[in-house]
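*Asks:* what's the 3D shape of this:
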Amino acid sequence: MKNRTRKSFQRTLFFSVVGVFLLLALFFALYQYHREKEYKVDTMNYRLQMYNYETYHYVRENGLANRDSFLSFVDGLQEDSLRVTLISKEGNVLMDSRFLEIQKLDCHLDREEVVKALKTGKGYDKKRVSSSDGKSMFYAATSFPDLIVRTAVPYSSELEKSLRVDNFYLFYAFVITIILIMVLYKNTSRIGKHIEYLRLFAQKAENGEQLDLRVDDRLPNDELSDISQIITTLYWKQRNSEEDKLRIKRQLTQNAAHELKTPAASIQGYLETILQNPDMPEEKRSYFLERCYAQSERMSKLLFDMATLTKLDEMDVAIHASDWTSINVNEIVRAVLEDVALQLQEKGIFTMLDMPAKIQIQGNSSLVYSIFRNLVDNAIAYALGATTINIDSKEKDDRYEFIVSDNGVGVPTEHLPHIFERFYRVDKGRSRKLGGTGLGLAIVKNAVAVHGGVCQAYPTPGGGFSVKFYLMKDFVKITDGIVANR
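*Replies:* Model (predicted):
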């Protein structure tokens, strides 16, 4: 892979947002400048327009005959250097407060303020040099039915200053921009720290380096920190889950090899004895063959149990949900008891059932059968002195709780935490002698887990061994297609 220049996400995000913000700020400043400039011009124009209306009312009441009276009126308008011009609709100057020889003035129909006034009723020209006195003036004209009134003031330094846009708002805008940039930098730095932490975490995880489950204390304490913690925790759970699976598989392989070694050696020994002694009495030969058959049965059961556990380890509830059916647990329990009726009779063990009339769940019937079969077989094989096996059940909301118990010798308390481990035996010598594989209760635990339940082993009150577990009525529906963690 070609090396590429790495771009900091934080820097990219920061400059992208700052760039957009500055662009918006620039457009806002230009808009505000133009708006304020227009406002001040409009304010000046409005003031002069008011003089136009006052002048027109004066002319209607007093006429144009007395020039001195007109000049007195203009002086009374309280506007320094104000010039008032009365213009006919044809553009001829009828009277001007500053220029006496009005006959020398040309037609005013081409003046911008006059053109606008004739068109819209009002108009202005904010800076134009007067053709009569050569001064720059601010003109405002108003069109009335019979004449046009125009007022003007010199475009002096005072007027220019009053019309100038007050740029003080730019200072506030600059200060606010700096503050926002600082806040943005702080927040993008927080995001950058989290991203850098996750990048290093992913890099170390990819390279198989040692990782710390705890989130770095230098990271900000916020929602992103919680997300980082969740990501690292999920990674560790996934990694530990995979490691646990590998460890269990290695342990299963090692234990299976150890367990298979004994019956294989026995079969080999018996067969060698038969082959080396062709004149062996028929009775002894038959005994050795029977022992070979018994050991082969034990190997077959061990291989079957290992295959069952492997299937349970790889089972995905969501994938196998289509294979699940509605199961009547009562019928399965009765089928188990019928299959072991002979062994129960030989041991003198009675069974006691205390279950609802109909227990219906969604699941795998063969796995549910293996749960009860292994528990009953375990009681028959190891509950020395037992006279009864009780199977009780209660309905609890979305599940059924089951308790399978006996009144035998029980299991010492120190063994209970390990009773569901694979190949774990309370009494190794007695267990092998009785033909057990050491996988029965492990199969129970995994089959129960596939149906959304958990197992618990404890001493039966009054003596004996009990296993309590529950099965969900419809585990796939409850988990909504999410694979259960097993």
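*Asks:* what's the pLDDT at Asn45?
*Replies:* Turning to Asn45, the model gives it a pLDDT of 87.
*Asks:* quick thing: my sequence starts at 7, can you match it?
*Replies:* Fine by me, first position is 7 from now on; the one you just mentioned is Asn51.
*Asks:* so how far is the helix or strand encompassing it from its chain's centroid?
*Replies:* Element membership of Asn51 [criterion: DSSP states H and E] is helix 15-68. What separates the centre of helix 15-68 from the centre of its chain is 46 Å, taken as C-alpha atoms, centre = their mean, to the nearest Å.
*Asks:* next helix or strand past it?
*Replies:* helix 73-81.
*Asks:* please identify the buried residues of that next one?
*Replies:* Using 16 or more other C-beta atoms under 10 Å as the test for burial, helix 73-81 gives 76, 79-80. All C-beta atoms are positioned from the backbone trio N, CA, C, and that covers glycine.
*Asks:* a helix runs through Glu96, doesn't it?
*Replies:* No - judged by DSSP: H, G, I helix; E, B strand; the rest coil, Glu96 forms no part of a helix; its state is coil.
*Asks:* could you list which residues are in contact with it?
*Replies:* Counting by C-beta atoms under 8 Å, 6 or more residues apart in numbering, Glu96 touches 113, 115.
*Asks:* roughly how far does it sit from Gln38?
*Replies:* Glu96 sits 43 Å away from Gln38, going by C-beta to C-beta, to the nearest Å.
*Asks:* so the helix holding Asn51 versus helix 73-81, what angle?
*Replies:* 150 degrees (axes from the mean of the first three to the mean of the last three C-alpha atoms, to 10 degrees).
*Asks:* got the phi/psi numbers for the closest residue to Cys113 other than its chain neighbours?
*Replies:* Spatial nearest neighbour of Cys113, chain neighbours left out: Gly97 (4.0 Å); criterion: C-beta to C-beta, 6 or more residues apart in numbering. The phi and psi values for Gly97, taken as degrees, to the nearest 10, are phi 100, psi 0.
*Asks:* can you pull the contacts of Gly97?
*Replies:* Taking C-beta under 8 Å, 6+ apart as the test, what Gly97 contacts is 113-116, 120.
*Asks:* what's the spacing between Asp398 and Tyr464?
*Replies:* For Asp398 relative to Tyr464 (C-beta to C-beta), the value is 14 Å.
*Asks:* for Val415, same thing?
*Replies:* 15 Å.
*Asks:* include distance to Lys192 and pLDDT when you put the buried residues of helix 73-81 into a markdown table, please.
*Replies:* Formatted as a markdown table, the buried residues of helix 73-81 follow (distance: C-beta to C-beta, whole Å; pLDDT from 0 to 100):
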| residue | distance to Lys192 | pLDDT |
| --- | --- | --- |
| Phe76 | 69 | 87 |
| Phe79 | 66 | 88 |
| Val80 | 63 | 86 |
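*Asks:* which stretches of this structure have low pLDDT?
*Replies:* 7-16, 162-175, 200, 203, 207, 209-269, 303-329, 428-429, 431-444, 481-492 (pLDDT under 70).
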